[in-house]
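S.K.: Sequence first, predicted coordinates after that:
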Amino acid sequence: MAAYEYTALTPAGKKKKGVLEADNERQLRQQLRDSGLVPLSISSGKTASSRRWFSPSINIKERALVVRQLATLIDAGLPIEEALSGVANQSTKQKVRSMLLAIRSKILEGLPLASALAEYPNAFPILFRASVKAGEESGHLGPVLLELAEFSERTRANAQKVQMAMLYPAILTLVAISIVTFLLGSVMPDIVSVFDKQGAELPTITTVMLAISEWITGYGQATLVGLALVLLVYAALLRKPAVKTAKDAALMRMPLLGRFVKTIQITRYIGTLAMLSRSGVALVDAMDIAAQVVENSVMNTLLFQARKRVKEGVSLGTALSETKLLPPMMLQLIISGERSGELDTMLDKAARQQEQDSNNWITTMVALFEPLMLLVMGAVVMMIVMAILLPIMNMNQLLN
């Protein structure tokens with residue numbers, strides 16, 4: 001049976017959309033008529049999924065929920081096709097339900113679950129497909145799916161921590177820019193114009209601030225448009241590998257920001273490598289997949305070189321130490337795991353330790369950014385106030 005998306009009219013004359021399974025469109029139309037619905041349009045879920053460029057996607061929260069429900073049903077002893085049908089019936093979103101039923105129809109045709117998931121690469125990335133394939137081959141699909149669900153939930157929780165940590169500094173920065181722009185664009189010209197009309201000599205700081213104010217009022221919109229164009233050109237240039245590599249290399253050389261980027265990317269790499277290793281994926285294949293989740297092209301190249309070294313017969317700890325990317329404690333855990341034959345356990349410990357270090361680093365950076373931003377904002381406001389008060393003080397001295 002195949003999954004079909006339909007649009008039909010209810011007896012009350014309202015449009016209704018949904019997903020149903022049927023052997024063909026004719027049978028589906030008959031099902032709709034038996035339910036009192038008038039079919040308007042019908043499309044096959046399988047056809048939609050075959051276009052990978054336009055294939056639907058789901059967010060990490062929906063993916064974690066789907067995978068956990070599927071793992072629970074498979075662990076309970078249900079066949080994969082029945083488990084997919086049960087999860088699809090529980091879903092409240094038509095997009096997710098249509099996707100799951102289309103995957104179920106592929107499995108009924110004889111495809112393994114990993115191949116069926118490959119029809120939706122935007123919804124189930126290579127990390128999921130490789131783990132599912134390893135779980136199917138080893139006969140431990142249920143535990144692997146549970147591992148994937150926990151990994152997704154942990155990744156989502158870490159992303160939310162970063163977002164919440166950056167929320168206050170972002171709001172503070174926007175408020176500071178708005179206040180300074182308002183003072184320079186509205187308050188400053190009105191006050192200083194009084195002294196300018198009287199022909200009084202303005203202090204240097206007042207003259208500078210007045211020039212900035214005139215620039216904001218006269219060319220503020222043009223400046224914003226110019227910045228937007230620069231950002232668009234920059235985004236277009238980043239699509240070229242050479243430009244992106246140069247940008248990533250410069251980013252890595254920055255004192256604080258480079259360390260921050262390295263910490264985040266290594267956390268993602270080790271976490272993915274640990275999860276794939278526990279799922280039964282071969283080490284070389286796991287390193288290949290884990291390197292693909294690293295966005296920095298310089299680090300990506302170094303990690304692919306480490307994979308090549310492991311493929312040549314070098315130990316994982318030695319290959320990763322040659323990249324100069326991992327901290328000494330993490331390398332020691334990996335090396336000891338290889339020697340003791342407990343690499344999966346040590347990779348998991350290294351991943352969790354790196355996640356903790358990453359969260360601590362983010363917390364520290366945000367804690368330092370807040371008072372720094374307040375100091376910068378206070379200094380700018382003080383300069384504006386001095387630019388206004390100095391002419392008043394000079395005028396009082398002249399009057400005295």
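M.R.: Structure received.
S.K.: For beta bridges, what are the partners of residue 41?
M.R.: Beta-bridge pairing of residue 41 under DSSP bridges involves residue 7.
S.K.: Give me the distance between the residue nearest the centre of the chain and residue 61.
M.R.: Nearest to the mean C-alpha position of the chain, by CA atoms, centre = their mean, lies residue 159 at 7.5 Å. With distances taken as CB to CB, to the nearest Å, residue 159 is found 10 Å from residue 61. Every residue, glycine included, has its C-beta placed from N, CA and C.
S.K.: circling back to that earlier point, got the contact list for the residue nearest to the centre of the chain?
M.R.: residue 60 (CB atoms under 8 Å, 6 or more residues apart in numbering).
S.K.: Using the three-state scheme, assign residue 334.
M.R.: Secondary structure, DSSP: H, G, I helix; E, B strand; the rest coil: residue 334 is helix.
S.K.: so residue 96 is in which element?
M.R.: helix 94-108 (DSSP states H and E).
S.K.: what's the following helix or strand past that helix in contact with?
M.R.: Using DSSP H and E, the helix or strand that follows helix 94-108 in sequence is helix 113-117. In this structure, residues lying in contact with helix 113-117 by CB under 8 Å, 6+ apart are 80, 103, 106-107, 123-124, 128-130, 132-133, 136, 141.
S.K.: Kindly report the same for stretch 145-152.
M.R.: By CB under 8 Å, 6+ apart, stretch 145-152 touches 60, 63-64, 67-68, 70-71, 74-75, 128, 131-132, 135, 271, 275, 278-279.
S.K.: and the longest helix for the chain?
M.R.: Counting residues, the longest helix found in the chain (DSSP state H) is helix 343-399.
S.K.: name the helices or strands packed onto that one?
M.R.: Counting contacts by 3 or more CB pairs under 8 Å, 6 or more residues apart in numbering; DSSP states H and E, helix 343-399 packs against helix 141-182, helix 188-197, helix 204-237, helix 255-279, helix 328-340.
S.K.: Can you flag the weakest of those by average pLDDT?
M.R.: The minimum mean pLDDT among those belongs to helix 188-197 (a mean of 67).
S.K.: Tell me how many other residues crowd residue 337.
M.R.: 21 (other CB atoms under 10 Å).
S.K.: Setting aside sequence neighbours, what's the nearest residue to it?
M.R.: residue 346 (2.7 Å; CB to CB, 6 or more residues apart in numbering).
S.K.: Contacts only, for the one you found.
M.R.: 333-334, 336-338, 340.
S.K.: again, only using 6 Å
M.R.: Residues near residue 346 by CB atoms under 6 Å, 6 or more residues apart in numbering: 333-334, 337.
S.K.: so can I have TSV of these showing distance to residue 181?
M.R.: Output for the contacts of residue 346, formatted as TSV (distance: CB to CB, whole Å):
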residue	distance to residue 181
333	50
334	50
337	54
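S.K.: Fine by me, thanks again.
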